[in-house]
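Engineer: Predicted coordinates and the sequence they were generated for:
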Amino acid sequence: MVLLFRYQDFCKNILWLANKAKIILGIDPGTLVMGYGLIHVEGKKASLIAMDVLKLSRTKDHYERLQLIHSRIHELIQEFKPTCFAIEAPFFGKNVQSMLKLGRAQGVAIATAMHAGLPVTEYSPKKVKQSVTGNGNADKEQVWLMLQRILSIGEQPDYFDATDALAVAVCHFYQESSPLAAVSKAKGWEQFLQKHPERISR
């Protein structure tokens with residue numbers, strides 16, 4: 001039996017997935033300051049829900065900081081009920097110990113989101129800047145100015161870690177808005193058809 005795929009129905013399904021309302025939690029991981037930002041997305045419009053930082057004392061044990069990161073992200077998930085989680089990948093530096101600690105902080109954040117059942121996506125700093133400003137080498141102030149325009153927000157927060165996290169959320173919004181994102185998530189036509197058998201005519 002030959003299965004004929006209804007292309008028009010597929011396109012409608014893709015547009016529905018792209019326009020579905022969602023809340024995105026973006027995280028800028030850190031061992032001294034962790035930024036977070038949440039946006040509400042409906043269709044092609046995004047709006048700010050909240051952005052702030054978790055300040056981690058230098059005097060605290062590193063493992064205590066990891067616990068604080070876990071607790072804060074868990075609280076954010078419980079309070080705002082995000083539908084997806086985006087995090088910035090740590091850049092590679094020369095200080096191995098610093099990179100190790102940053103990697104642990106990122107791992108704890110990701111594990112917390114996954115335990116809550118959230119899909120996790122990771123973006124490089126360059127990808128985030130490119131997505132938000134069109135320039136992968138943009139500085140933090142340029143990113144913030146663009147975020148102000150995109151989300152119609154005013155006063156700058158005290159820490160760029162918060163705006164960096166917000167930029168991660170906006171980056172994810174732009175990536176998810178692409179109609180091709182749903183196909184990519186399904187890892188091709190075959191898996192998409194398996195998930196949506198109603199789209200097949202016999």
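Structural biologist: Ah, there it is.

Engineer: only C-alpha atoms for contact and neighbour calcs from this point on.
Structural biologist: Will do.

Engineer: Lowest-scoring secondary structure element of the protein by mean pLDDT?
Structural biologist: For the chain, using mean pLDDT, DSSP states H and E, the weakest element among its helices and strands is strand 4-5, scoring a mean of 42.

Engineer: helix, strand or coil for the residue positioned nearest the centre of the chain?
Structural biologist: For the chain, the residue sitting closest to the mean C-alpha position, by C-alpha atoms, centre = their mean, is residue 86 at 2.0 Å. Following DSSP: H, G, I helix; E, B strand; the rest coil, the label given to residue 86 is strand.

Engineer: I'd say it and residue 128 touch.
Structural biologist: No. Taking contacts as C-alpha atoms under 8 Å, residue 86 lies outside contact range of residue 128: 10.6 Å.

Engineer: Overlap of the contact sets of those two?
Structural biologist: Common neighbours of residue 86 and residue 128, counting by C-alpha atoms under 8 Å, 6 or more residues apart in numbering, are residue 168.

Engineer: how about the helices in the protein?
Structural biologist: Assignment of helices within the chain using DSSP state H yields the ranges 7-19, 62-80, 96-115, 125-133, 140-151, 160-177, 180-185, 189-195.

Engineer: Comparing these, which stretch has the densest surroundings?
Structural biologist: Of all these, helix 160-177 has the most neighbours on average by mean count of other C-alpha atoms under 10 Å, namely a mean of 25.

Engineer: tell me the angle it makes with helix 125-133.
Structural biologist: Computed with axes from the mean of the first three to the mean of the last three C-alpha atoms, to 10 degrees, the direction of helix 160-177 lies at 70 degrees from that of helix 125-133.

Engineer: okay, the angle between helix 160-177 and helix 140-151?
Structural biologist: Using the same axes, to 10 degrees: helix 160-177 against helix 140-151 is 50 degrees.

Engineer: Show me what helix 160-177 is packed against.
Structural biologist: Other helices and strands packing on helix 160-177, by 3 or more C-alpha pairs under 8 Å, 6 or more residues apart in numbering; DSSP states H and E, are helix 7-19, strand 22-28, strand 33-42, strand 45-55, strand 84-88, helix 125-133, helix 140-151.

Engineer: what does the fifth one contact?
Structural biologist: When you say that, I think you mean strand 84-88. If you take C-alpha under 8 Å, 6+ apart as the criterion, strand 84-88 is touched by 22-29, 106, 110, 113, 118-125, 128, 165, 168-169, 172.
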